[in-house]
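K.L.:
Quick one, fold the following:
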Amino acid sequence: MTKPKQITKTRLAIKLGVSRSSLYYKPKLPDRDEEMKHQIEAVLTENPEYGHKRIALELKLNKKRILRVMKKFEIRPRRRKVKKPKKLGDIGNEPSSFPNVSLLWCPVKEGVLWASDFTYLYFQGRFFYLATIIDVYTREIVGYHLSRHHQSSLVLSALEDALGRHSPPLWIHSDQGSEYNSKIYISRCHRAGIQISMSAKASPWHNPFQESFYDKFKVTLGFLDRFENLGELIAAIHEAVYYYNHKRIHSALKMSPVAYKQRLTTNNDRLIV
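P.N.:
I've put the predicted structure just below:
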């Protein structure tokens, strides 16, 4: 019996009407990685400071896979390191006349502990100061205010903004800056029934929630020289705070602060029913 003649790839390709190269196996991984690259870049366009963990949450994919593709194509999130000038009096480690409750316990619900601080923004040859207040439990920015000077009115206005939209917390935490030690600020807290907590001097790690927020906030805000006037800068600040509260995925919450708060409200309503 005659052994059938083996068909070569060239003959098979001619018979099938395709190119010879199409008969060889092509790994799908490079194509998948290329598609993944485009998805990652799309996420970073909207969220330029996202690392691989937040991108994975956004795309609902494995974080190791995201990290591998980012390394392969040398994709890096935007990073911006800024050295903050020391505030007057931030020397030494003297204890405060107020307790530091942030080191003692963590709140179990919103509206228990707020943390307050301010940072500087250098714009068109002048310093501006942004004071913010964050709910430590939900990580939501509950109040903020921009001012030309860092005086007691700066932090007081941020507090008034927060109290205008939220019920007073049990505690509010800050550093020992003169703005927070002013009589007018302390008096306003007491009138609202808020107890005061303060860090030791030169101890920014006692207020990590605000420090972390400012790092991400300045990346989101971007380079300030792109704004033509103060009005554009103020509008961008409002947009950046809204983005942080409503859209940006917080790594500890796995969602935005407002989404997390809404989920807590929904769960509490179910428990009551």
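K.L.:
count of residues packed around T8?
P.N.:
By the criterion of other C-beta atoms under 10 Å, T8 has 10 neighbours. Bear in mind the C-beta positions are built from the backbone N, C-alpha and C, glycine included.
K.L.:
Kindly apply the preceding question to G222 instead.
P.N.:
15.
K.L.:
next one: phi and psi at it?
P.N.:
phi 80, psi -170 (degrees, to the nearest 10).
K.L.:
OK, contacts around it?
P.N.:
P48 (C-beta atoms under 8 Å, 6 or more residues apart in numbering).
K.L.:
mind running it again at 10 Å?
P.N.:
48-49, 78, 80, 236, 240 (C-beta atoms under 10 Å, 6 or more residues apart in numbering).
K.L.:
tell me the secondary structure for Y144?
P.N.:
Three-state call for Y144 (DSSP: H, G, I helix; E, B strand; the rest coil): strand.
K.L.:
so it touches G164, yeah?
P.N.:
No: contact between Y144 and G164 fails when scored by C-beta atoms under 10 Å: they sit 11.7 Å apart.
K.L.:
Among the two, which residue is more densely surrounded?
P.N.:
Y144 (20 against 9).
K.L.:
so how far is L159 from the more buried one?
P.N.:
From Y144 across to L159, the span is 10 Å (C-beta to C-beta, to the nearest Å).
K.L.:
what's the overlap in contacts for these two?
P.N.:
Between them, Y144 and L159 share the contacting residues 116, 131, 133, judged by C-beta under 10 Å, 6+ apart.
K.L.:
got a list of what the most centrally placed residue in the chain touches?
P.N.:
By C-alpha atoms, centre = their mean, the chain has its centre lying nearest to K216, at 4.8 Å. For K216, the contacting residues are 47, 49-50, 80, 240, 244, 248, 250-251, by C-beta under 10 Å, 6+ apart.
K.L.:
Format those as JSON lines; extra columns: secondary structure, pLDDT and neighbour count.
P.N.:
Formatted as JSON lines, these follow (DSSP: H, G, I helix; E, B strand; the rest coil; pLDDT from 0 to 100; neighbours: other C-beta atoms under 10 Å):
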{"residue": "N47", "secondary structure": "coil", "pLDDT": "82", "neighbour count": "21"}
{"residue": "E49", "secondary structure": "coil", "pLDDT": "79", "neighbour count": "18"}
{"residue": "Y50", "secondary structure": "coil", "pLDDT": "86", "neighbour count": "23"}
{"residue": "R80", "secondary structure": "coil", "pLDDT": "58", "neighbour count": "14"}
{"residue": "A240", "secondary structure": "helix", "pLDDT": "94", "neighbour count": "20"}
{"residue": "Y244", "secondary structure": "helix", "pLDDT": "94", "neighbour count": "22"}
{"residue": "R248", "secondary structure": "coil", "pLDDT": "91", "neighbour count": "23"}
{"residue": "H250", "secondary structure": "strand", "pLDDT": "87", "neighbour count": "21"}
{"residue": "S251", "secondary structure": "coil", "pLDDT": "83", "neighbour count": "14"}
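K.L.:
can you pull out the helices in the stretch 101-250 of the chain?
P.N.:
152-163, 183-191, 208-221, 230-246 (DSSP state H, counting those that start in this stretch).
K.L.:
Ok, which of those helices comes nearest H173?
P.N.:
For H173, the closest of those is helix 208-221, at 8.7 Å, according to C-beta to C-beta.
K.L.:
Many thanks, we can stop here.
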